[in-house]
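Q: Here is a sequence together with a model predicted from it:
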Amino acid sequence: MTSSSQTLPDVGDGSRLYQQLARRLLADLAGGRYAVGDRLPPERELAIEHDVSRPTVREAIIALEVQGLVEVRVGSGAYVVRIPGADRQTAEAPRFSITAFELMEARLAIEGEAAALAALHARPDELDELDRLVAQIASENLRDGDAYAVDQQFHMLIAQATRNAALVDSVARLWEMRASAPESRLLLAKARAAKVTPVVEEHRVIAQAIRARDPAAARAAMRGHLAAVIDHLLFATEEAAVEEARKAAQSTRARFAPGAD
């Protein structure tokens, strides 16, 4: 089929790049470039074709997956499962919710300042509770428990330690969106499947900076942590794919090993 390779235009409507790419891919589906059952080109090829980053491609694919247009199969790629508008009377437009990456950008802006304020206002008992939660995250990671729930408690406690009700409400709302926004929920599920867990040392550094009453260090530690979370999310699906490929290779070697028959 003919390629539609070209740089995405600046449409000037304020939409993010991944949304523009999702619209382009949806148009390709509706226009017959791909049929049900076809595999979309790999992320790397789509990134080159449309002159965007691989994270942008990943967000666009997730947006289409949420709408039931493609299915991402671990270790294999994204496959078309439905053609947009094929079973409807009107043309279908892509629907976008808040992505995990947009949430992380918001958290970088808000929770970094919350950590700085917490360094000024946290009570001694809150400092002790932060240390306890760090230890609990480590424990949950070791036993494959729900470290994410403890992670949320850690971040909410920092928000509460700011003594600013608006910040508490803002951080709580961000965590609610993290769990409810379809695109965010899907990527986080992939991260869990890839065994991506909260990093203990990053949380320990945040707690230490707050205990030291150092707002600048607390802000930097929180922002560094959240930037790392973005990286973890970006590679979550890749890690799962690598693991699936490793298992497949092991199975193949076992089948063809001497004496396997």
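A: Okay, I see it.
Q: Distance of Asp51 relative to Ala22?
A: Look at Asp51 and Ala22: by Cβ to Cβ, to the nearest Å, they are 15 Å apart. In this view, the C-beta of every residue, glycine as well, is placed from N, C-alpha and C.
Q: So between those two, which is more surrounded?
A: Ala22 (25 against 12; other Cβ atoms under 10 Å).
Q: Surely that one is in contact with Leu64?
A: Yes - here Ala22 reaches Leu64: they are 6.0 Å apart, a contact under Cβ atoms under 8 Å.
Q: Show me the shaky parts of the chain.
A: For the chain, the stretches with pLDDT under 70 are 1-15, 86-95, 234-261.
Q: Please repeat the previous calculation with a cut-off of 50.
A: The chain contains residues with pLDDT under 50 at 1-5, 10-14, 89-91, 239-246, 248-249, 252-253, 255-258, 261.
Q: For it, which segments are assigned as helices?
A: Remark: helices assigned in the chain by DSSP state H are 17-30, 43-50, 54-66, 100-121, 124-142, 147-160, 165-180, 182-193, 200-211, 215-256.
Q: So which of those is nearest Arg82?
A: Distances from Arg82 to each of the helices of the chain were compared using Cβ to Cβ; the minimum, 8.4 Å, belongs to helix 17-30.
Q: For the closest one, which residues meet the burial criterion?
A: Of the residues in helix 17-30, 17-26, 28-30 count as buried by neighbour count, 16 or more other Cβ atoms under 10 Å.
Q: Arg192 and Leu25: what is the separation?
A: Arg192 is 26 Å from Leu25, by Cβ to Cβ.
Q: His155 versus Arg178, what's the distance?
A: 10 Å.
Q: Pick out whichever of these two has more residues nearby.
A: Neighbour totals were compared for Arg178 and His155, and His155 leads with 23 against 18 (other Cβ under 10 Å).
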